[in-house]
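Novice: Fold the following for me, if possible:
(2 chains)
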Amino acid sequence: MSGIAMPKPSQELLRNKAQIVKDLQRIISGEGVICEEIELRPYETDALTAYRQIPLAVVLPETVEQVSQILKYCYANEVKVVPRGAGTSLSGGALPLADSVLMSMMKFNQILDIDLPNRAVVVQPGVTNLGITHAVQHEGFYYAPDPSSQIACSIGGNIAENSGGVHSLKYGLTTNNVLGLEMVLMSGEVIRLGGKHLDAEGYDFLALLAGSEGLLGVVTEVTVRVLQKPETARAALIGFPSSEQAGQCVADIIGAGIIPGGMELMDKLAIDAAEDFVHAGYPLDVEALMIVELDGPEAEVDRLLQEVSSLATQNNSTYLRVSETEDERNTFWAGRKAAFPAVGRISPDYLCMDGTIPRKALPQVLKRMQVLGEKHGLRCANVFHAGDGNLHPLILYDANNPGELEAAEAFGADILRLCVEVGGVLTGEHGVGIEKRDLMPEMFSETDLKQQQRVKCAFDEKHLLNPGKVFPVLHRCAELGRMHVHKGQLPFPNIPRF
Amino acid sequence: MAQSFRPRDTAELVEVVKWAAAEQQPLEVIGNGSKRALGRPMQVANTLALDHLTGVVDYEPAELVLTARAGTPLAEIQALLQDNGQELAFEPMDYGPVLGEELGRATFGGTLSANVSGPRRIKAGAARDHVLGLEAVSGRGELFRAGGRVVKNVTGYDLARAFCASWGTLAVASTITVKVAPKATTEKTVCLFGLQGVEATGAMSAALGSSAEVSGAAHVPEKLAALQSGNWGGGRSATLLRLEGIEESIDYRVGILRRVLELAGTVEIMDAAASFSVWQSIRNLTVFPHNLGALWRVSVAPTAADDVIASLPEGCLVMQDWGGGLLWIADPDDQRDGTSLRAAIASAGGGHATLVKAPENVRNTIDVFHPQEPGLSLLTKRLKSQFDPHGILNPGRMYKGV
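Specialist: Reported below is the predicted structural model:
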């Protein structure tokens, strides 16, 4: 465990555990409240497993009324609440605090309304991402955002993290595919936003909720847009002798006006690991491997694949294979989708980073990452959502070697600083959580971060919902509200008037 | 004393808002003022106009990203993109003609702050879906940045997207970054003539639920169609489905629509030129006559549209866009307060109605923007005061006290 400081637990709350549990049991009877250490253990971490903490208690509400009552109770008694979906966050978004109540939303697992004429589906937040697609695929529909964890991750968690996936270049992120939601504020108040119609009225609270990492409200219902599946999808596997050439090919494809359904790059280390793991038939004599998927009507896909092939040739590709069958296409993807576990096989531990960079900076960033790897004495495998510039460096380390976790974290921080330096951002889709919290000042000024925290104050002025995440320094809302002004300042005398 | 400011750079903009915050002097924030007649009338002495804060700061076609100052004319950005075979995929409509202004006066910042989208919204998303980053001055007079210049970004709250649809009441943008898209090479429109009510919305739903990738789905009823010049099916109602892309793909997708719409009626095809002109008139509402009375903009689920339309008083003209879910309602009675319209929306399953055009006395007394539930209304007020504690930015333009 390394040095990310979490808010200090309140000794008083810890002492009052028995009473708090009793009060919670009055709201949710039976097995809906968990307080024994052995049963709390499964909730001590999410997918960022380097950090663990047992909460005071876990609650598993089943109704909106229960969610509201629990939050109202915790609000009145100043008990912190950590919301949790499926617990697949890679940034520690659902890491409990010792004096917090962890609220698992996984009993909210019903699909409430399938409305295909309006292309909308209403679900509870614990429904998995893939569960939505399964509910509508008999009519040829699907839910577009497809994070790698889609088999397990919940739609509520997707909203918290604004999850993307390999198809987000063409079909957008969670924020672009959510039409409405119901949420409960920390005060217990239930708020509904949007619905099956387009563009919710008033301020765009949906935009604020998507990617808010569980700090603004607990989502209890979600309305998403579903789409008809493209008629065909074909993928090309293209190998290059250098990542520069692969990067140039990505730019050329976009520059030619082609928006592929997905466009991924893997470097040598990732290719070798994936091939060794799933035998996808990847070429082993290339430095960079690209998977480009075109989807849509057959005539269009065929024509665009030809264009992509010729752009690849112009960029000196040494390997090209186009999928002829659906099985073959899935095999191309199998290696990419298994890249994380594949890397897990060649290293005892790895850290998965998630910066986004402007596409054109790719060759430069890859080169400098190599230098950084040498500096920290660690290897790094790269998989890359090339279409939208989202980089996933996997830093290989062994936690049993003293100092290696710290070295890996320092390497990761250096990579993210590099991303910001070239005009990118700290996190593309995994969230800030606790993992990148202390790097926020690399990207934002004090003023920027304070304005973000003021948004938090509009929702949760006591900072009780998921505190310790996203923001490196917690400012009290009263302090944030203060304004320092010098009266009588006259505006620039030179500003043109009319 | 009333002041009117035209800052030429970010530093001047900050200075003006700082002064207004210190003196608690409300500002009417405008770009070029093309949408001034939309919203609740404001009693504000000072004006802050951004029409001198102009220029494209950064545009790299291969990155599909553009950054421009808020006061840049939208037309200038559209022309630049056009020269590079690209466009703003959300296809912003132009309120000018219905508000008695000329076409093409809107600014970049004004378009985004009002979340102005066009027919392609159903496929490409709204204006807010294309915003990536923002530099703005809050009502506290502080310059802040949010978002970035890349599409995939979850670093911090999405204040850039939340700026859209805030009508200048939260912060004044200085520069905004959006993603842009390759422009389709050509287009065609599949037309069905003579459909009524649920037949039309049903046909649009079927088309949008197919794999034909329809990028515009609108219904122009008989009474409006009869007013149009050109080939609009001889005064019959027109249900229009636009397909964009490369020629061979469009032709193939026409085939898909023919199959999907087999039972709906005879299909006719508009070529690229006719299709372009029809969608221009839908997008900019020039299908409506000049003397249209009041104009309401309603968003509902497409299948709820027919119930809402059935509830309207005699004499209203309605055009449906967005697969039927966006209703533009011209009401010859420009004094109506919208109560019965909003009740019909609620009983049809929910949505919202905005009064786009009406005399000032009406906009002064009724809810121009759809009234909010009490909880949401309080949240709105809290958010406003976190950005603009003294209420100096476009006070009351959207809601009383916001």
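
Novice: ok, how many other residues are close to B:Leu241?
Specialist: Look at B:Leu241: counted by other CB atoms under 10 Å in any protein chain shown, it has 29 neighbours. In short, each C-beta sits where N, CA and C put it, glycine included.

Novice: Sort out which residues of the helix or strand encompassing it are buried, please.
Specialist: If you go by DSSP states H and E, B:Leu241 is part of strand B:238-245. If you call a residue buried by 16 or more other CB atoms under 10 Å in any protein chain shown, then strand B:238-245 has these buried ones: B:Ala238, B:Thr239, B:Leu240, B:Leu241, B:Arg242, B:Leu243, B:Glu244, B:Gly245.

Novice: now stretch A:292-300: mean pLDDT?
Specialist: Averaged across stretch A:292-300, pLDDT comes to 93.

Novice: Pop the domain breakdown of the chain in here.
Specialist: Picking chain A for this. A:11-104, A:111-228, A:232-340, A:347-435, A:448-498 (automatic domain parsing).

Novice: try chain B instead
Specialist: If you go by automatic domain parsing, chain B breaks into B:1-183+B:372-402, B:186-283, B:294-371.

Novice: one step back: any chance of the domains of chain A in TSV with mean neighbour count and distance to B:Arg121 as columns?
Specialist: As requested, these are arranged in TSV below (neighbours: other CB atoms under 10 Å in any protein chain shown; distance: least, CB to CB, whole Å):
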stretch	mean neighbour count	distance to B:Arg121
domain A:11-104	19	29
domain A:111-228	23	7
domain A:232-340	20	18
domain A:347-435	21	21
domain A:448-498	17	26
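
Novice: Can you pull out the low-pLDDT segments for the chain?
Specialist: Looking at chain A here, since you left the chain open. Applying pLDDT under 70 to chain A picks out residues A:1-2, A:485-494, A:497-498.

Novice: nope, chain B please
Specialist: Ranges of chain B meeting pLDDT under 70: B:1, B:231.

Novice: So which of the buried residues of strand B:238-245 reach chain A?
Specialist: By CB under 8 Å from any CB of the partner chain, the members of the buried residues of strand B:238-245 lying near chain A are B:Gly245.

Novice: A:Phe444 is in contact with B:Arg145, correct?
Specialist: Yes: using CB atoms under 8 Å, B:Arg145 makes contact with A:Phe444 at a distance of 7.0 Å.

Novice: B:Phe163 reaches B:Leu170, doesn't it?
Specialist: Yes: at 6.5 Å, B:Phe163 counts as touching B:Leu170 under the criterion of CB under 8 Å.

Novice: All the helices of chain B, residue numbers only.
Specialist: B:10-23, B:74-83, B:108-113, B:121-124, B:159-163, B:197-208, B:222-225, B:247-260, B:272-283, B:305-310, B:339-347, B:360-365, B:374-387 (DSSP state H).

Novice: Other residues contacting the fourth one?
Specialist: Judged by CB atoms under 8 Å, 6 or more residues apart in numbering or on different chains, the contacts made with helix B:121-124 from elsewhere in the structure are A:198-199, B:89-91, B:130, B:181, B:208, B:213-217, B:322-323, B:326.

Novice: same deal with the fifth one?
Specialist: By CB under 8 Å, 6+ apart, the residues outside helix B:159-163 that reach it are A:175, A:203-205, A:207-208, A:451-452, A:455, B:112-113, B:128-129, B:131-134, B:136, B:144, B:146-147, B:170-171, B:173, B:176-177.

Novice: Which of the residues you listed fall in strands?
Specialist: Among the contacts of helix B:159-163, the members falling in strands (DSSP state E) are B:Val131, B:Leu132, B:Gly133, B:Leu134, B:Ala136, B:Phe144, B:Ala146, B:Gly147, B:Ala171, B:Ala173, B:Ile176, B:Thr177.

Novice: who touches the third one in this structure?
Specialist: Shown here is B:Gly133, whose contacts under the criterion CB under 8 Å, 6+ apart are B:Thr67, B:Arg145, B:Ala146, B:Gly147, B:Gly148, B:Arg149, B:Ala160, B:Ile176, B:Thr177.

Novice: Any idea what the last one is bridged to?
Specialist: The one in question is B:Thr177. B:Thr177 forms beta bridges with B:Thr67, B:Gly133, as assigned by DSSP bridges.

Novice: How about the backbone phi and psi for A:Val122?
Specialist: Backbone torsions for A:Val122, taken as degrees, to the nearest 10, come to phi -110, psi 120.

Novice: Against chain B, how distant is it?
Specialist: Computed as CB to the nearest CB, to the nearest Å, the A:Val122 to chain B distance reads 11 Å.

Novice: Let's verify the nearest residue to that residue once chain neighbours are set aside: helix, strand, or coil?
Specialist: Spatial nearest neighbour of A:Val122, excluding adjacent residues (CB to CB, 6 or more residues apart in numbering or on different chains): A:Asp113 at 4.0 Å. Following DSSP: H, G, I helix; E, B strand; the rest coil, the label given to A:Asp113 is strand.

Novice: Please report how far A:Asp113 lies from chain B.
Specialist: In this view, A:Asp113 and chain B are 11 Å apart by CB to the nearest CB.

Novice: is it true that that residue touches A:Ile132?
Specialist: No: using CB under 8 Å, A:Asp113 is not in contact with A:Ile132; the gap is 11.8 Å.

Novice: re earlier: top of the contacts of helix B:121-124 by neighbour count?
Specialist: B:Gly323 (31 neighbours).

Novice: Quick one: residues contacting that one.
Specialist: If you count contacts by CB under 8 Å, 6+ apart, B:Gly323 has them with B:Ile122, B:Thr201, B:Met204, B:Ser205, B:Ala207, B:Leu208, B:Ala217, B:Pro302.

Novice: now do A:Leu215
Specialist: By CB under 8 Å, 6+ apart, the neighbours of A:Leu215 are A:Lys456, A:Phe459, A:Asp460, A:Leu465, A:Asn466, A:Lys469, A:Val470.

Novice: Leaving out sequence neighbours, find the closest residue to the second one.
Specialist: Going back to what we said before, that points to A:Phe459. The shortest distance from A:Phe459 to any non-neighbouring residue, by CB to CB, 6+ apart, is to A:Leu216 (4.3 Å).

Novice: For the one you found, which three-state class applies?
Specialist: Taking three-state DSSP, the label given to A:Leu216 is coil.

Novice: doesn't A:Leu465 make contact with it?
Specialist: Yes: taking contacts as CB under 8 Å, A:Leu216 lies within contact range of A:Leu465: 7.1 Å.

Novice: circling back: what is the nearest of the contacts of helix B:121-124 to B:Phe387?
Specialist: Distance to B:Phe387 across those (CB to CB) is lowest for A:Asp199, with 20.6 Å.

Novice: Surely the closest one and B:Val300 touch.
Specialist: No: the pair A:Asp199 / B:Val300 is not scored as a contact, 11.2 Å apart, by CB under 8 Å.
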